[in-house]
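*Asks:* This is a predicted model, with the sequence first.
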Amino acid sequence: MLKEERFEIILKKLELEGNVTYQGFTSVLDVSEDTVRRDIDYLHKNGLLTKVRGGALLRSKDPLSFQERESISTKEKDVIALKAQQFIKNGMTIFMDGGTTICAIVNNLAKDTNIRVITNNPKLIPIIVDFPHIELIILGGKYYKDPAVTAGAGTCLEVNNYIADLYFLGTCALNHQEGVTAIYKEDAEVKRIMVKCSKKVIALADENKLRSKETFKACDIEHIDTIITNLPSNDEQLNDFRGLDIQIV
């Protein structure tokens with residue numbers, strides 16, 4: 001049986017039953033449990049199901065699928081911000097750059113969150129003041145009014161002093177071929193250095209930024225580990241990003 005045929009059987013069974021187990025599929029697919037595990041890992045990474053201990057759940061039953069929870073949030077940036085919370089762990093050092101989605105992520109943190117935030121986004125200052133256990137490091141440089149960030153050679157030099165566990169990368173445009181591109185040259189330069197100095201890169205993009213392109217290169221698509229959008233992770237608009245070894249949330 002071809003791998004693609006196994007994928008189709010797994011997804012159809014999920015639609016019917018809502019959950020599957022590794023053991024339950026070994027006989028149905030006539031393959032080893034390790035093969036079923038790899039198939040489910042692949043489908044999870046491409047946003048088509050939710051992997052759990054011992055098997056998988058239908059993605060729509062995932063409590064992090066906030067598109068179905070209109071009572072919680074109706075705005076794209078808030079959906080992205082809520083999805084992002086699962087990646088934030090106490091003790092982390094996190095790069096955050098500019099944009100309102102970044103502010104929404106911080107606004108949705110638990111009050112006892114204990115992390116270090118390194119940012120060129122001054123708009124985070126009045127938000128993080130209310131979080132007693134967040135250490136905030138503001139990167140210097142020239143302030144650019146339109147993107148509302150600090151940038152320039154000095155900012156990039158400061159970024160090089162750190163290694164971040166995680167980088168929430170705000171995007172102007174995200175394309176499966178060109179990667180992340182930016183409207184402003186200086187903004188792209190800072191993003192590029194933050195990518196270089198991060199262990200994990202999570203790109204944030206609402207549906208209007210997908211498959212678009214701006215002038216200045218921030219990073220190639222292979223430098224992105226995870227993409228968070230406001231769309232359901234099995235939405236066809238995300239098909240271009242599947243099979244690229246990128247987690248889709």
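*Replies:* Nice, I can see it.

*Asks:* List the buried residues in stretch 236-249.
*Replies:* Within stretch 236-249, the residues scored as buried using 16 or more other Cβ atoms under 10 Å are Leu238, Phe241, Arg242, Ile246, Gln247, Ile248, Val249. Where you see a C-beta, it was placed from the backbone N, CA and C, and this is true even at glycine.

*Asks:* Could you export these as TSV, including distance to Ile102, pLDDT and secondary structure?
*Replies:* As requested, these are arranged in TSV below (distance: Cβ to Cβ, whole Å; pLDDT from 0 to 100; DSSP: H, G, I helix; E, B strand; the rest coil):
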residue	distance to Ile102	pLDDT	secondary structure
Leu238	21	93	helix
Phe241	21	93	helix
Arg242	26	91	coil
Ile246	20	94	coil
Gln247	19	94	strand
Ile248	20	93	strand
Val249	16	93	coil
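
*Asks:* Most widely separated two among those residues?
*Replies:* Distance extremes for the buried residues of stretch 236-249: the farthest pair is Arg242 and Val249 at 12.9 Å, using Cβ to Cβ.

*Asks:* what's the overlap in contacts for the two?
*Replies:* Gly47 (Cβ atoms under 8 Å, 6 or more residues apart in numbering).

*Asks:* In this structure, where's the longest helix?
*Replies:* Determined from DSSP state H, the single longest helix within the chain is helix 3-17.

*Asks:* Which positions in it come out as buried?
*Replies:* Burial within helix 3-17, assessed by neighbour count using 16+ other Cβ under 10 Å, is assigned to Arg6, Phe7, Ile9, Ile10, Leu11, Lys13, Leu14.

*Asks:* Out of the residues you listed, which is nearest to Leu29?
*Replies:* Nearest to Leu29 among the buried residues of helix 3-17 is Arg6, at 5.3 Å by Cβ to Cβ.
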